[in-house]
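>>> sequence first, predicted coordinates after that:
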Amino acid sequence: MSVQNKPITLSFYVTPPHECPYGKEQQASTLFLTPEIRPQEDYYQLLIEKGFRRSGDHIYRPHCGECKECISVRINVKNFIPNKQQKRCGKKGKRFTKKTSPATYDDEHYQLYEKYIEARHQDGDMYPPSVEQYKDFLFCDWLNTQYLDFIEPTTGKLIACCVFDELKTGPSAIYTFFDPEYAKFSLGRLAILSLINKALHENQAYVYLGYWIKSCQKMSYKGEYRPIECFSNEQWVSLK
């Protein structure tokens, strides 16, 4: 690999087999960037183009042998065509005020995250939520990580937050959490649509959505955005 025409050497390690976090009845393995290598934004930009992802400071990619169900996906924003459901969601979401700011810890965002996890994900590996887990999962100090907030204008209440990394080629969505009382507004969908609009406005190419498992109900929303590009056999392939 090279960064700004300078060759670099990166090393990786594979974890021992462990229980699949997505409920598959098989063992999983993960390829990690060696922790001795200090991550940098330029490195990550190269690796995200190779299907990698970050969690906190750790850069990783599924490495599960025969199973290839975890697919890295991105939206080519200039080719994206919203469907009727997405158009309705965008229209309903106009009632909210949007605000972007650097992602740093504060009680307001954490309390919303805690409420969301306790209401929607008690069966997941992020339950029970904690401040330490929240920080370790979302933040890193070598990327420009942002909050995209959705605010109820009549009350000033924070009702949803999309955490994303600002990369050269476009935003990489890390996680969206919201007040379950506002679920009827499809706030996860609204967050992705807002990132698409942001990328278009700033003349960026992609919105990165992380991993998609077609058969996983909790990830099914990622398949709604068509055409979507999937990283398969070391190349990006468009699915209409």
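Yep, it's here.
>>> run me through the strand neighbours of the lengthiest strand in the chain, direction for each.
Ordering each strand of the chain by length in residues (DSSP state E) puts strand 157-167 first. If you go by DSSP bridges, strand 157-167 pairs up with strand 145-152 (antiparallel), strand 170-178 (antiparallel).
>>> in JSON lines: those, plus mean pLDDT.
Shown next, in JSON lines, are the strands paired with strand 157-167 (pLDDT from 0 to 100):
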{"stretch": "strand 145-152", "mean pLDDT": "98"}
{"stretch": "strand 170-178", "mean pLDDT": "98"}
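>>> between the ones you listed, which gets nearest to P21?
Taking CB to CB, strand 170-178 is the member of the strands paired with strand 157-167 nearest to P21, at 14.6 Å. No exception for glycine: its C-beta is placed from N, CA and C like everyone else's.
>>> so after the closest one, what's the next helix or strand?
Next in sequence after strand 170-178, counting helices and strands by DSSP states H and E, comes helix 187-201.
>>> now the helix or strand following that following helix against helix 187-201, angle please.
Using DSSP H and E, the helix or strand that follows helix 187-201 in sequence is strand 206-212. Relative orientation of strand 206-212 versus helix 187-201 (axes from the mean of the first three to the mean of the last three CA atoms, to 10 degrees): 150 degrees.
>>> average pLDDT across the helix or strand R74 falls within?
Here R74 is covered by strand 71-76, with elements defined by DSSP H and E. Strand 71-76 shows a mean pLDDT of 97.
>>> how far off strand 206-212 does that strand point, in degrees?
Taking the same axes, to 10 degrees, one finds strand 71-76 and strand 206-212 inclined to each other by 160 degrees.
>>> what lies in contact with strand 71-76?
Strand 71-76 is touched from outside by 51-53, 61, 170, 192, 196, 205-214, 222, 225, 227-232, 236, 238, with contacts defined as CB atoms under 8 Å, 6 or more residues apart in numbering.
>>> about what we covered before: got the strands paired with strand 157-167 as JSON lines, with distance to L33 columns?
Shown next, in JSON lines, are the strands paired with strand 157-167 (distance: least, CB to CB, whole Å):
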{"stretch": "strand 145-152", "distance to L33": "18"}
{"stretch": "strand 170-178", "distance to L33": "16"}
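>>> export those to TSV and tack on distance to I81 and mean neighbour count?
Formatted as TSV, the strands paired with strand 157-167 follow (distance: least, CB to CB, whole Å; neighbours: other CB atoms under 10 Å):
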stretch	distance to I81	mean neighbour count
strand 145-152	22	19
strand 170-178	17	23
